[in-house]
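In: my questions are about this predicted structure, shown below with the sequence.
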Amino acid sequence: MKISRPLRENRQHGDLLFPVSAYETKMEQDFEMPLSYHWHPEIEIFFITSGKANFQVEAEPFIIEEGDVLLIKPNALHGSHDCFGTQLEFRAVVFDYSFLSGMANDRIEQKYLNPLFSEEQGHFILLREKNSIQKALFEMLNKTFFVFDEKEKGYEVLVRAYLLQVVYDILMLQKGEIKPVKTNTRKSEMIRKIVGFVEENHTQRIVLNSLAAYLSVSEGYLCRFLKIISI
């Protein structure tokens, strides 16, 4: 059976000539986290300016908090369901890969961009180092956000320049050479199917046996899976 890929984000980030956008979200205490699970073909750099939240990329759950930087690679399913009931503020810069690449397949693309953003290296990079490079990276992301938000003359040039500096800082924070990592594609695909089923049938009563039948697994296996993975 061919598996469809639901949950693609229905939002355009920038336009054909300038494929980049920057966003800011501020949530008061006890507000529900608004970031439902989705994916998009663009790169996203997500950073917390205040508070913390449970986050998940594909099959990997983790906590992200103030000062952390999360690079989400193209087509990776991601979202959050819990901000611990505290005030939360975060920003995101979303851009197409082509926005950074220059001459097709030049040395920069071959040596740095392709390895950094390749899905073979994993679906995300979480940076939480407490050092001067991480601090510079965080400051550069905030500068990128403010330049994009104010949109003064020539801001497009600065946004590209700042994002290239961001890429450089991320490369400097990597421990040694970037090496391929194994990802649990079966678990990721299962999560995609579960979230898609729930979203398509949220107006109806969803019972365990119907979800298990849709996934072609036993109810016992599904129970064990749901205990391991928080969605």
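Out: Ah, there it is. Given the structure is predicted, the values throughout are model-derived calculations rather than measurements. Residues are numbered from 1 along each chain as shown.
In: my guess is Lys193 contacts Tyr214. True?
Out: Yes. With contacts counted by C-beta atoms under 8 Å, Lys193 reaches Tyr214, the gap being 7.3 Å. No exception for glycine: its C-beta is placed from N, CA and C like everyone else's.
In: where does the prediction get shaky in the chain?
Out: For the chain, residues meeting the criterion pLDDT under 70 lie at 1-6, 30-35, 82-84, 102-104, 175-192, 195, 199, 202, 221, 224-231.
In: tell me which residues touch the residue most central in space within the chain, please.
Out: The residue lying closest to the centre of the chain (C-alpha atoms, centre = their mean) is Ile72, at 3.4 Å. Neighbouring residues of Ile72 by C-beta atoms under 8 Å, 6 or more residues apart in numbering: Ile43, Glu44, Ile45, Phe46, Val57, His78, His123, Phe124.
In: 7 Å - rerun?
Out: Neighbouring residues of Ile72 by C-beta atoms under 7 Å, 6 or more residues apart in numbering: Glu44, Phe46, Val57, His78, Phe124.
In: hang on, the earlier thing: pick out whichever of Lys193 and Tyr214 has more residues nearby.
Out: Of the pair Lys193 and Tyr214, Lys193 is the one with more neighbours under other C-beta atoms under 10 Å, namely 19 against 16.
In: and that one, helix, strand or coil?
Out: The local conformation at Lys193, judged by DSSP: H, G, I helix; E, B strand; the rest coil, is helix.
In: which residue, other than its chain neighbours, is closest to it?
Out: Leu215 (5.9 Å; C-beta to C-beta, 6 or more residues apart in numbering).
In: burial of the one you found, as a residue count?
Out: 16.
In: what does stretch 89-105 contact?
Out: Stretch 89-105 is contacted from outside by 13, 19-26, 42-51, 74, 108-109, 113, 117, 141, 144-145, 160, 163-164, 167, using C-beta under 7 Å, 6+ apart.
In: same thing but 6 Å
Out: 13, 19-26, 42-50, 109, 113, 144-145 (C-beta atoms under 6 Å, 6 or more residues apart in numbering).
In: same check on stretch 18-27?
Out: Defining contact as C-beta under 6 Å, 6+ apart, one finds that stretch 18-27 is touched by 13-14, 88-96, 99, 145, 148, 156.
In: pull out the buried members of those.
Out: The neighbour-count criterion (16 or more other C-beta atoms under 10 Å) marks 13-14, 88, 90-96, 99, 145, 148, 156 among the contacts of stretch 18-27 as buried.
In: of all those, which two lie farthest apart?
Out: Spanning the widest gap among the buried ones among the contacts of stretch 18-27 are Leu88 and Glu156, at 29.8 Å by C-beta to C-beta.
In: Leu7: which of the contacts of Ile72 is nearest?
Out: Of all those, Leu7 sits closest to His78, with 10.0 Å by C-beta to C-beta.
In: and that closest one, how many neighbours does it have?
Out: So His78, with other C-beta under 10 Å, has 22 neighbours.
In: that one contacts Ala59, doesn't it?
Out: No. Taking contacts as C-beta atoms under 6 Å, His78 lies outside contact range of Ala59: 11.1 Å.
In: okay, helices next: where are they in this protein?
Out: 107-108, 114-117, 132-150, 155-173, 185-200, 208-215, 219-228 (DSSP state H).
In: between these, which one is closest to Ile64.
Out: Comparing the helices of the chain by C-beta to C-beta, helix 132-150 comes nearest, at 12.9 Å.
In: so which other helices or strands are in contact with the closest one?
Out: Other elements packing on helix 132-150 under the criterion 3 or more C-beta pairs under 6 Å, 6 or more residues apart in numbering; DSSP states H and E are helix 155-173.
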